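>>> task: produce atomic coordinates for the following.
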Amino acid sequence: MALRLDNHGFSDALVILGAAGLVIPAFARFRVSPVIGFILVGLLVGPAGLGALTGVAPWLYYLTISNPESIEPFAEFGIILLLFSIGLELSFKRLWSMKRLVFGTGAAELIGSALIIGVALHFIGQGWAGAIGLGFALALSSTALVLPLVGTTGAVGRGAFAMLLFEDLALVPIIFVLGALAPTASADGWADIAGVALRGGLTVVAMYVGGRVVLPRLFGQAARTKSPELFLAASLLVVIVASVATTAAGLSPIVGALLAGLLIAETEYHSEVEVITAPFKGLALGVFLISVGMSLDLRLIAQNWPSLLLAVTGVVAVKAIVTFLFLRVANSRRGVAAETGLLMGSPSETTLIVLATAAQAQLILPSTAAFWQTVTAIGLTITPLLAKLGRTVSRHLESRSVADPGDIEIDDEGPGTVVIGFGRVGRMVADMLAVHGQKYVAVEADIDSVEAARRQGHPVLFGDVSRAELVDRLKLHTAKALILTMDDPVLTVRLARRVRALAPDLPIVARARDTAHAAELYRAGVTDAVPETLESSLQLAEAVLVDLGVAMGPVIASIHEKRDELRQEIKKAADMLVEPRIRKAKRTPRSV
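Numbers count the residues shown, from 1 in each chain. Here you go, the predicted structure:
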């Protein structure tokens, strides 16, 4: 039987798939997080957006989501798959090494933020039980948004993940405590909490023991069939069974998903599972973000914007400060603590669950719950902006402390060769300069890379080369050469133009993405531009032709011809009078 276009589920699915197909490439093109795009789509197609106009223009029905509640299960499944993928990237050994950060800093951050917010709300008229519920609800942070923004491997990601993991573990106890505080609760409430803790612990142990035995055999059989569909089915089955098991025990389903990911990470199939489930995670997470956008009502926000602004600012400020202080106690750097604090400042998708529980337990009024639900939706929307602000604050703090450019002196003879960017390319260039006894100074904007390089003895400065004062302190007018290796085409061109005006005779060698970028760099005044994709492509072509049995002489001749074509292309694009130089390193003869 054919599906009708006026079928609610079919129409909503088309809107969601269309949004995913448009938002992800469009926002990636402008290097903007698709998180914002999905939230804006939810705002646009939701009941407070175009959905409110379907009575006037019925055709808008096909461009809106008619039943927001119908997509909530898919949104929750997206969060479950996110925690599952995080588990795949971890190991029990790494998780055990983080126990002090999880149960020390994570617990202190959650309880400290909840107490401060709760006490503040009590003093403005909220009862103690309701203030406690609101405090813990607003102290939670968004796992679904924070971890995709920073990952789990960097300094900020490790701290954020530890605190988020504790919050996820604490979610169910918080809900049970609020139920026990309800005016109509029986004296058995606290006994129920102890029972959940016992059942949850036994379930986790049983899953760990059973998973170590069953999962290798299950995925081994799936792999032997060489059927991607069966492998995918086995992966999703494990996630669903683990989530259902922890839910039945009284814990959150995301705890089961995380444990499933950790167990699979211990097998040799974890890479295949991660790849094959990635599209489902991304789409389901997009559905969650669309549901967040649909919860925003611009008319309600416009009517109550002063109180909403004060509430959002207060919650973010309290959580950012508390997180910063406890991370500093845990010996995190100031920049890392500040960035993590701002990133964790907004409420969470699980805040909505706790607010609903508090309202159902009659600890807060329905109008109060609705107000803080709007605050939560706004907080989720601004999370990517808080992440960007956190990075800016972190750079500022780090540049004023351990990594001030003044801590590596540049003498009167000049810095020698200056290498901007100390990633893989910059490090290789610096190593070759050192081999030939050439003096150099490198500049890098990532503090972790700077510290790692300094421990290895490299003279690397921390700094943002977009700041004019840093360029002045490098004394480029006395340098022998400047090498630009940053993976930022716009900044590379801008810096080349500025330095060329400062030092007309300075040799400038720049990393280019392609011929168009190389031409733009030549127009900006660089001496040499090296198109990385083209050179690697030519070397790959040379290697494969020789391996295919083509004689070395004709291969080298064709490579030179192709390089000459590229010279002409860049010359034409840059409107240059002289051909640009695309140099090629000498190759050693291939051994037979």
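
>>> how close does the residue nearest the centre of the chain get to Lys281?
Geometric centre of the chain, nearest residue: Leu149, 1.8 Å, by C-alpha atoms, centre = their mean. Going from Leu149 to Lys281 by C-beta to C-beta, to the nearest Å gives 15 Å. In this view, the C-beta of every residue, glycine as well, is placed from N, C-alpha and C.

>>> from what I can see Gly335 touches Ser394, true?
Yes. In terms of C-beta atoms under 8 Å, Gly335 counts as a neighbour of Ser394; the distance is 3.7 Å.

>>> now do the shared contacts for those two.
Listed contacts common to Gly335 and Ser394 are Ile447; contacts here mean C-beta atoms under 8 Å, 6 or more residues apart in numbering.

>>> can you map out the strands along the chain?
Per DSSP state E, the chain has strands spanning 417-420, 440-444, 460-462, 481-484, 508-512, 528-531. These are given in chain order.

>>> could the ones you listed go into TSV alongside mean pLDDT, distance to Phe176 and mean neighbour count?
As requested, the strands of the chain are exported to TSV (pLDDT from 0 to 100; distance: least, C-beta to C-beta, whole Å; neighbours: other C-beta atoms under 10 Å):
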stretch	mean pLDDT	distance to Phe176	mean neighbour count
strand 417-420	90	55	25
strand 440-444	88	48	24
strand 460-462	82	47	26
strand 481-484	90	58	22
strand 508-512	88	56	24
strand 528-531	82	61	22
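
>>> Gly118 is nearest to which of the ones you listed?
For the strands of the chain, distance to Gly118 was read as C-beta to C-beta. The smallest value, 39.6 Å, belongs to strand 460-462.

>>> thinking again about what came up before, got the contact list for the closest residue to the residue nearest to the centre of the chain other than its chain neighbours?
Leaving aside its chain neighbours, Leu149 sits nearest to Ala387 (4.8 Å; criterion: C-beta to C-beta, 6 or more residues apart in numbering). Applying C-beta under 8 Å, 6+ apart, we find Ala387 in contact with Val146, Leu149, Val150, Glu339, Leu342, Leu343.

>>> and the gap between Ala387 and Phe74?
Distance of Ala387 to Phe74, given as C-beta to C-beta: 25 Å.

>>> give me the phi and psi for Arg513.
As for Arg513, its main-chain torsions (degrees, to the nearest 10) stand at phi -80, psi -40.

>>> helices of the stretch 51-200 of the chain, start to end?
72-89, 92-97, 99-100, 107-123, 128-139, 143-150, 155-181, 189-224 (DSSP state H, counting those that start in this stretch).

>>> does anything pack onto the first one? Which helices or strands?
If you count contacts as 3 or more C-beta pairs under 8 Å, 6 or more residues apart in numbering; DSSP states H and E, helix 72-89 packs onto helix 143-150, helix 228-248, helix 253-265, helix 270-294.

>>> mind checking how far the second one is from the chain centre?
Translated: helix 228-248. The chain centre lies 25 Å from the centre of helix 228-248; the measure is C-alpha atoms, centre = their mean, to the nearest Å.

>>> buried ones in that helix?
Under the neighbour-count criterion of 16 or more other C-beta atoms under 10 Å, helix 228-248 has 231-232, 234-236, 238-240, 242-243, 245-247 buried.

>>> CA atoms of stretch 317-325 as CSV?
In CSV, the C-alpha atoms belonging to stretch 317-325 read as follows (Å, rounded to 0.1, in the frame of the first residue of the first chain):
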residue,chain,number,x,y,z
ALA,A,317,27.9,32.2,35.2
VAL,A,318,27.5,30.0,38.3
LYS,A,319,28.3,26.8,36.5
ALA,A,320,31.3,28.3,34.6
ILE,A,321,32.8,29.7,37.8
VAL,A,322,32.2,26.5,39.8
THR,A,323,33.7,24.3,37.1
PHE,A,324,36.7,26.7,36.7
LEU,A,325,37.5,26.6,40.4
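
>>> got the contact list for that stretch?
Under C-beta under 8 Å, 6+ apart, the answer for stretch 317-325 is 109, 112-113, 116-117, 120, 138-139, 141, 163, 337-338, 340-342, 344-346.

>>> of those, grab the buried ones for ChimeraX.
In ChimeraX syntax, the buried subset of those is picked out as below (16+ other C-beta under 10 Å):
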select :109,112,113,116,117,120,138,139,141,163,337,338,340,341,342,344,345,346
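
>>> so where is the stretch 401-550 of the chain shaky, pLDDT-wise?
For the stretch 401-550 of the chain, applying pLDDT under 70 flags the ranges 401-412, 468-469.

>>> re the thing from before, tell me the pLDDT of the residue nearest to Leu149.
If you check Ala387, the pLDDT there is 87.

>>> ok, now how distant is it from Val315?
Between Ala387 and Val315 the computed distance is 16 Å (C-beta to C-beta).
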